[in-house]
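In: Okay, sequence plus prediction incoming.
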Amino acid sequence: MAEFDRDPAGATEQPEEGHVPVLRDAVLGVLAPRAGAAYVDATFGAGGYSTALLAAARCRVFGLDRDPEAVRRGRALAAAQDGRLVVIEGRFGDMEDLLAPLDTGPIAGVAFDLGVSSMQLDQAERGFSFRRDGPLDMRMGGEGDGESAADLVARLPEAELAGLIRTLGEERFARRVARALVAARRTRPIRRTAELAELVRSAVPRAEPGIDAATRTFQALRIAVNDELGELDRGLAAAERLLTSGGRLAVVAFHSLEDARVKHFLRSRGETAPQASRHQPIRATPPPSFRLLTRRAIRPDGAEIARNPRARSARLRAAERTAGPPWPASTADSRHPVSFAGNSRGRSG
């Protein structure tokens, strides 16, 4: 997957068989695939992690993706894998229900590659990219999968639209952007990515060097349309319940909102979980459910960034499942759900 559509050199479409996912070797090193074990590629995409796992060991892989087009391509790929690859359409937050009818056996590893995929960015008709004019859609599940970005831009009041762009896009000029969008939609609906991008660029007085001024607003709308942060919370909790003792979790994130959520989830459940503040009442917590494998996020090296500029913001965090039970929902970290999200359910996978 990729987060920032900032470099035209990284925006060329790649054939499926040539796709190399970000931090592939590091993810394989974490998951340590072995013969006879079962793994979940929670964000199948072009199948980069799945094919790498299958090549590394005589294992089985269950690939999940919300995007029907990715599932179609994946099932064609699975036909040549002698039954070792099963591709399932659905959100990774629902992975327990999706896998329940299948004889998976113990799950030895789960991989997440969050965010929008390079293939989705490269398809103008999907509406994810501000570099390619297309319908302002951004739904990872395609038409019929909740509100589109155009629907969200047309519906939200100015204050709520500004809050969305500020919170999910971390855009310091969110008020200016929202004001410009609301003024423009009074004349006619905003239905195209190029139109939205130009409106945002005209409203942002100073952009970060090397990053298109439209980047943060497009990110915010995409996250809201697909409820990506809520889906990430559900997916991490589902992986915690599915992984067998000793199973490995690998999560590649591309922006600070995702990475902070992953970091907090793993550290709160880790064997070295931070102690409660002395100013807060002591409460009983379950035994650790994970052992951290990475104290700090693993980043791509210069050679990988040179090959794929979209990899520059990637961060990998990993942990190993302990024998402790999954944390019940009542003791999970308190979250701050985004009230202005476009859909109540969504996928980054």
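Out: Nice, I can see it.
In: Is P300 in a helix, a strand, or coil?
Out: coil (DSSP: H, G, I helix; E, B strand; the rest coil).
In: Does it touch R310 like I think?
Out: No - contact criterion Cβ atoms under 8 Å: P300 and R310 do not qualify, at 10.0 Å. All C-beta spots, glycine's among them, are computed from the backbone N, C-alpha and C.
In: Following element in sequence after the strand or helix carrying A55, please.
Out: In this assignment (DSSP states H and E), A55 forms part of helix 48-56. Next along the chain after helix 48-56, taking DSSP H and E as the criterion, comes strand 60-65.
In: before we move on, the earlier item: so which elements touch the helix holding A55?
Out: If you count contacts as 3 or more Cβ pairs under 8 Å, 6 or more residues apart in numbering; DSSP states H and E, helix 48-56 packs onto helix 24-31, strand 38-41, strand 60-65, helix 68-78, strand 107-113.
In: what angle separates that helix from helix 24-31?
Out: 60 degrees (axes from the mean of the first three to the mean of the last three Cα atoms, to 10 degrees).
In: Now do helix 48-56 against helix 68-78, angle only.
Out: 10 degrees.
In: Average pLDDT for helix 48-56, rounded please.
Out: Helix 48-56 comes out with an average pLDDT of 96.
In: Now tell me what touches that helix from outside.
Out: Outside helix 48-56, the residues that touch it by Cβ atoms under 8 Å, 6 or more residues apart in numbering are 19-21, 24, 27-28, 31, 33, 39, 41, 44, 59, 61, 63, 74, 77, 81, 84-85, 109, 111, 113.
In: Quickly list what L249 is bridged to.
Out: V110, A319 (DSSP bridges).
In: Just give me the neighbour total for it.
Out: 27 (other Cβ atoms under 10 Å).
In: Kindly report the same for the one 3 residues further on.
Out: For V252, the neighbour count with other Cβ under 10 Å is 30.
In: With neighbour numbers in mind, choose between P300 and R310.
Out: Neighbour count, other Cβ under 10 Å: between P300 and R310, R310 has more, with 24 against 21.
In: Is that one located within a helix, as I assumed?
Out: Yes - with three-state DSSP as the criterion, R310 is part of a helix.
In: And it, what's its pLDDT?
Out: 79.
In: Am I right that it is in contact with V20?
Out: No - if you go by Cβ under 8 Å, R310 and V20 don't touch, sitting 11.6 Å apart.
In: so what sits against both of P300 and R310?
Out: Between them, P300 and R310 share the contacting residues V22, judged by Cβ under 8 Å, 6+ apart.
In: Using CSV, lay out the helices and strands packed on helix 48-56 together with mean neighbour count and distance to A207.
Out: Output for the helices and strands packed on helix 48-56, formatted as CSV (neighbours: other Cβ atoms under 10 Å; distance: least, Cβ to Cβ, whole Å):
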stretch, mean neighbour count, distance to A207
helix 24-31, 20, 31
strand 38-41, 28, 35
strand 60-65, 26, 32
helix 68-78, 18, 31
strand 107-113, 27, 27
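In: For stretch 228-239, give the mean pLDDT please.
Out: 97.
In: tally of neighbours for R307?
Out: With neighbours defined by other Cβ under 10 Å, the count for R307 comes to 11.
In: Phi, psi for the closest residue in space to E125 that isn't next to it in sequence please.
Out: Nearest residue to E125, sequence neighbours excluded (Cβ to Cβ, 6 or more residues apart in numbering): G134, at 5.1 Å. G134 adopts backbone torsions of phi -170, psi 180, taken as degrees, to the nearest 10.
In: ok, so what distance separates G134 from A150?
Out: 11 Å (Cβ to Cβ, to the nearest Å).
In: Of these two, which one has the most company?
Out: Remark: of G134 and A150, A150 carries more neighbours, 23 against 16, as counted by other Cβ under 10 Å.
In: where exactly do the helices run in the stretch 151-300 of the chain?
Out: Assigned helices in the stretch 151-300 of the chain, in chain order: 158-169, 174-185, 193-203, 215-226, 228-242, 256-269 (criterion: DSSP state H, counting those that start in this stretch).
In: Could I get the buried residue list for the second one?
Out: When burial is assessed from 16 or more other Cβ atoms under 10 Å, helix 174-185 yields the following buried residues: 174-178, 180-182, 184-185.
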